[in-house]
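>>> A predicted structure for the sequence below; I have some questions about it.
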Amino acid sequence: MVMEISKEVFELIFPQGVFEWFELAQGCRDGGETHITLVEKDIPPLAPAHAGKKILARKFRDITVTDFPLRGRRTLLTFRRRYWQVAGERQYLKRDMKLCFPGTQLEKAFADFLKDGG
């Protein structure tokens, strides 16, 4: 029997607000590590000035951060960030969000936990 795990269960594991902008793409265990990939939803952060303009290009940039260990395994979250280009503009658009604690490759809650002595 195959059971589907609800979004609410994943929200217990992932940093707060992740599923507002990301979808779970894949997960695997490799030796002593758990790798989870989340892909940013295709919702461009358009300003009112962009209304009615065509989106020309999309590209991705992967950002991998270390999160709390799961079942004793190091946990790596890879966020596939989207970039969009609007017709007639040179700059790419991206959503302004902080995925890791400044100056680290650690998810903010995990970095705070370690800073406070765990």
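Sure thing, it's come through. Numbers count the residues shown, from 1 in each chain.

>>> center of the chain - which residue?
Phe79 (3.5 Å; C-alpha atoms, centre = their mean).

>>> State whether it is indeed within a helix.
No - going by DSSP: H, G, I helix; E, B strand; the rest coil, the assignment for Phe79 is strand, not a helix.

>>> Tell me how many other residues crowd the closest residue to it other than its chain neighbours.
Nearest in space to Phe79, with sequence neighbours left out and distances taken as C-beta to C-beta, 6 or more residues apart in numbering, is Ile63 at 4.9 Å. (Each C-beta comes from the backbone N, C-alpha and C, glycine too.) The tally of other residues near Ile63 (other C-beta atoms under 10 Å) stands at 12.

>>> mind saving the C-alpha coords of the helix or strand encompassing Ile63 as CSV?
Per DSSP states H and E, Ile63 falls inside strand 55-70. C-alpha atoms of strand 55-70 as CSV (Å, rounded to 0.1, in the frame of the first residue of the first chain):
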residue,chain,number,x,y,z
ILE,A,55,8.6,36.6,-19.8
LEU,A,56,11.4,35.7,-22.2
ALA,A,57,13.9,33.6,-20.3
ARG,A,58,14.1,31.4,-17.3
LYS,A,59,17.2,30.0,-15.7
PHE,A,60,18.1,28.3,-12.5
ARG,A,61,20.8,28.6,-9.8
ASP,A,62,21.2,25.9,-7.2
ILE,A,63,21.9,26.9,-3.6
THR,A,64,22.7,24.1,-1.2
VAL,A,65,22.4,24.7,2.6
THR,A,66,23.0,22.4,5.5
ASP,A,67,19.9,21.9,7.7
PHE,A,68,19.3,20.0,11.0
PRO,A,69,20.4,16.3,10.7
LEU,A,70,17.6,13.8,10.0
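
>>> one step back: verify the stated contact: the residue nearest to Phe79 with Arg81.
Yes - judged on C-beta atoms under 8 Å, Ile63 makes contact with Arg81 at a distance of 6.0 Å.

>>> now for the strand holding Ile63, which elements pack on it?
strand 73-86, helix 108-115 (3 or more C-beta pairs under 8 Å, 6 or more residues apart in numbering; DSSP states H and E).
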